[in-house]
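Q: Okay, sequence plus prediction incoming.
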Number of protein chains: 2
Amino acid sequence: MTDPRDTGLVLNPKYDAAGLITAVATDRTSGELLMLAHMNAEALAATIATREAHFWSRSRGALWKKGESSGHVLHVAEIRIDCDQDAVWLIVDAAGPACHTGARSCFFRRIDGDALSPVA
Amino acid sequence: MTDPRDTGLVLNPKYDAAGLITAVATDRTSGELLMLAHMNAEALAATIATREAHFWSRSRGALWKKGESSGHVLHVAEIRIDCDQDAVWLIVDAAGPACHTGARSCFFRRIDGDALSPVA
């Protein structure tokens, strides 16, 4: 139960079988959850080095800098990692909508029972 | 590009090959990201019905009510789902530390280059 990965101070991401960890981005000012995506080691290294969010696109099988085509870059103020080092939290300033639908956040619908309703 | 799952108002979670979606919990008051875990359909249904967070433990292969042994239940104020419906955001009031280490949040370390440093 005392895995050094859980409490130590060495970066040692626990990549899954596909070589990925989960990444969550929240807005630095509002705290809103903007998006959730995945990173391989290259995407994490690029994010740390450039302070702009990079992910691994599972659908395209390619490294992906968020905003590389739209310009909606996520500027990374801080990166945190969770206890078992299989998820990172990016605290960001977003240059535009985070969602491909044009919404500010990908999480633009609330679950009410079996239905969804839009949130402001 | 206009998948009704992305913009419609019908709950239709996109479970992965293991039958799971990703769930992220943030604190309703502070906005802090508390934890990230996974849900199967049963865990999502139980969370919607009881307004207390339930997850699927991949390590134990079992449904898991957060706080069932520790008492550190996550009371769910709101549930949102993302564009492609493979992730949910729980906005919660936590009855205690969310992390198994005793930390308030699982994300208690900041990445600084190759090293980690504790955050308050």
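A: Structure's in. What do you need?

Q: where do the helices sit along chain A?
A: Counting by DSSP state H, the segments of chain A that form helices are A:4-7, A:41-50.

Q: Packing partners of the last one?
A: In this case it means helix A:41-50. Counting contacts by 3 or more Cβ pairs under 8 Å, 6 or more residues apart in numbering or on different chains; DSSP states H and E, helix A:41-50 packs against strand A:21-27, strand A:54-57, strand A:62-65, strand A:74-81. C-beta here means a position set from N, CA and C on the backbone, and glycine is covered the same way.

Q: for the ones you listed, which one ends up most surrounded?
A: strand A:21-27 (a mean of 22; mean count of other Cβ atoms under 10 Å in any protein chain shown).

Q: Next one: residue A:40 from residue A:57, what distance?
A: In this view, residue A:40 and residue A:57 are 10 Å apart by Cβ to Cβ, to the nearest Å.

Q: ok, residue A:88 - how many residues close by?
A: Around residue A:88 there are 24 other residues, counting by other Cβ atoms under 10 Å in any protein chain shown.

Q: OK, contacts around the nearest residue to residue A:117 once chain neighbours are set aside?
A: Distance criterion Cβ to Cβ, 6 or more residues apart in numbering or on different chains; nearest residue to residue A:117, sequence neighbours excluded, is residue A:110 at 5.2 Å. By Cβ atoms under 8 Å, 6 or more residues apart in numbering or on different chains, residue A:110 lies in contact with A:116, A:117, A:118, A:119, B:78, B:79, B:80.

Q: Please repeat the previous calculation with a cut-off of 7 Å.
A: Neighbouring residues of residue A:110 by Cβ atoms under 7 Å, 6 or more residues apart in numbering or on different chains: A:116, A:117, A:119, B:78, B:79, B:80.

Q: give the contact list for residue A:32.
A: A:26, A:105.

Q: For the residue in chain A positioned nearest to chain B, what are phi and psi?
A: Chain A approaches chain B most closely through residue A:31 (2.7 Å), counting by Cβ to the nearest Cβ. Here is the backbone geometry of residue A:31 (degrees, to the nearest 10): phi 80, psi 0.
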